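Participant: sequence first, then the predicted structure:
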Amino acid sequence: MNKIYLDNAATTPLSEEVIDAMVDVMKINFGNPSSLHSFGQEAKVLIENVRRQVADYLHVSPAEIIFTSCGTESNNMIIQSCVNHLGVERIITSPMEHKCVAETVLDMKKRNGVEVVYLRPDQKGDFDWAKFEEILKSSDKKTLVTLMHANNEIGNLIDLQKVANICKENNALFHSDTVQSMAHMDLDFSDIPVDFASCSAHKFHGPKGSGFAFVRKASGLKGIITGGPQERSLRAGTENVTGIVGLGKALELSLNNMESYSSHMEEIKNYTISQLTQKIDGVKFNGRSAEENASLYTVLSVLLPFKDPMIGLKLDMKGIAISQGSACSSGAAKPSMVMMMILDEEEMENCTPLRISFSHLTTKDEIDVLINALEEISKDFTIEKTNVEHR
Ligand code: PLP
């Protein structure tokens with residue numbers, strides 16, 4: 001059975017070129033970048049080259065890029081350090097954030113007594129920016145705003161420029177979890193006054209265990225891992241040279257091909273939307289997922305008009321890997337916070353969310369196989385419904 005992978009928001013397969021670049025480092029450049037001899041200095045040069053490459057992409061200074069082990073670590077470091085070192089007493093966030101942000105914020109509330117204010121989304125997953133400004137102005141406490149750029153479940157994008165400007169005007173620090181959008185979109189932080197952002201290489205065909213944090217120099221942020229001078233003392237520990245080089249190669253490939261990759265994925269996404277609409281009666285799309293400029297082209301969040309908590313497993317048995325992003329309140333999957341925010345009671349009770357996420361490798365043929373499988377599965381429910389109606 002040919003397997004089909006449609007869970008690229010969870011992780012992406014490594015590119016061949018990335019593997020080759022990493023193998024070269026493992027075989028040849030094994031020196032410790034802190035060593036003063038040539039082995040160490042050669043490894044150091046590799047890291048600094050990637051740092052410059054990342055900085056050029058974001059239009060920032062190389063000194064503002066801190067290599068970390070992943071998106072989770074970057075987000076933890078930024079939020080914890082804002083509280084522990086920069087005197088943040090209030091955090092404004094949303095219930096739509098990834099767990100690594102949501103739980104870190106809660107931890108700061110529990111351990112440091114930080115006040116947490118949640119910005120509630122509407123049923124489209126949008127926020128009321130006038131209300132946001134009102135909340136910002138309602139307190140003199142030093143505030144950190146943490147809102148993700150692209151939602152990992154429904155793909156909704158926020159206007160980073162607008163939110164960053166509002167934060168700046170109100171003297172609040174602004175962190176955005178950009179794990180889903182980095183390397184998929186152009187980001188110019190010389191223009192967008194965001195203070196902190198995060199990246200994870202495995203979301204764009206790079207290796208797992210490699211990411212970075214963007215830390216605006218003027219912010220004065222300190223690290224949370226101590227014990228060494230690496231990464232300007234912001235992240236102690238011998239650098240993951242292999243992972244950093246893998247990140248650099250993956251970023252290079254993404255940026256060089258951004259136009260063709262994004263137009264391919266947009267076409268695949270539109271095709272998926274039209275096929276689902278034609279073939280699954282009553283299908284809906286969550287949030288702004290089906291709207292071209294309001295959502296990330298890599299993610300399509302679908303709401304199937306029947307309740308099947310086992311759908312992820314059924315598709316897996318047919319060789320299709322996909323994320324359920326479930327709203328079911330019992331059974332195998334727990335309801336996700338995002339779905340609880342945007343779905344109404346009836347939808348939570350009777351529908352099944354499904355997250356289809358694409359890469360440049362996804363083909364229309366693969367989408368056809370998925371649509372056929374979903375048609376098959378949906379027939380069981382149509383029959384069930386008909387039987388109930390006839391009883
Ligand atoms: N933030 C978002 C929006 C994500 O989607 C993910 C991963 O799924 C993370 C953070 C965590 O990244 P990592 O897997 O590199 O820890």
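Facilitator: Arrived safely. Residues are numbered from 1 along each chain as shown.
Participant: which of the residues in stretch 306-322 are buried?
Facilitator: For stretch 306-322, a neighbour-count test (16 or more other Cβ atoms under 10 Å) marks 306-312, 315, 318, 320, 322 as buried. Placement of C-beta: from N, CA and C, glycine included.
Participant: which of these sits closest to the ligand?
Facilitator: Nearest to the ligand out of the buried residues of stretch 306-322 is Ile322 (Cβ to the nearest ligand atom; 15.0 Å).
Participant: can you tell me the closest non-neighbouring residue to the closest one?
Facilitator: Of all residues not flanking Ile322 in the chain, Leu6 sits nearest, at 4.8 Å (Cβ to Cβ, 6 or more residues apart in numbering).
Participant: look up how far Glu376 lies from that neighbour.
Facilitator: Using Cβ to Cβ, to the nearest Å, we find Leu6 at a distance of 16 Å from Glu376.
Participant: neighbour count winner among those two?
Facilitator: Leu6 (25 against 11; other Cβ atoms under 10 Å).
Participant: which residues are in contact with that one?
Facilitator: Going by Cβ atoms under 8 Å, 6 or more residues apart in numbering, Leu6 touches 320-322, 356-358, 362, 366, 370.
Participant: closest to the ligand among these?
Facilitator: Out of those, the member with the shortest distance to the ligand (by Cβ to the nearest ligand atom) is Ser357, at 10.1 Å.
Participant: what number of residues lie near the residue nearest to that closest one when sequence neighbours are not counted?
Facilitator: Distances taken as Cβ to Cβ, 6+ apart place Ala9 nearest to Ser357, at 3.7 Å, with adjacent residues excluded. Ala9: 26 surrounding residues under other Cβ under 10 Å.
Participant: all strands for this structure, in order.
Facilitator: 4-5, 65-68, 90-93, 115-118, 143-146, 173-176, 196-200, 211-215, 284-285, 299-304, 320-321, 352-357 (DSSP state E).
Participant: turn those strands into JSON lines, including distance to Glu42 and mean pLDDT.
Facilitator: Below are the strands of the chain laid out as JSON lines (distance: least, Cβ to Cβ, whole Å; pLDDT from 0 to 100):
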{"stretch": "strand 4-5", "distance to Glu42": "36", "mean pLDDT": "98"}
{"stretch": "strand 65-68", "distance to Glu42": "17", "mean pLDDT": "98"}
{"stretch": "strand 90-93", "distance to Glu42": "42", "mean pLDDT": "98"}
{"stretch": "strand 115-118", "distance to Glu42": "46", "mean pLDDT": "98"}
{"stretch": "strand 143-146", "distance to Glu42": "38", "mean pLDDT": "98"}
{"stretch": "strand 173-176", "distance to Glu42": "34", "mean pLDDT": "98"}
{"stretch": "strand 196-200", "distance to Glu42": "25", "mean pLDDT": "98"}
{"stretch": "strand 211-215", "distance to Glu42": "21", "mean pLDDT": "98"}
{"stretch": "strand 284-285", "distance to Glu42": "50", "mean pLDDT": "98"}
{"stretch": "strand 299-304", "distance to Glu42": "39", "mean pLDDT": "97"}
{"stretch": "strand 320-321", "distance to Glu42": "39", "mean pLDDT": "98"}
{"stretch": "strand 352-357", "distance to Glu42": "37", "mean pLDDT": "97"}
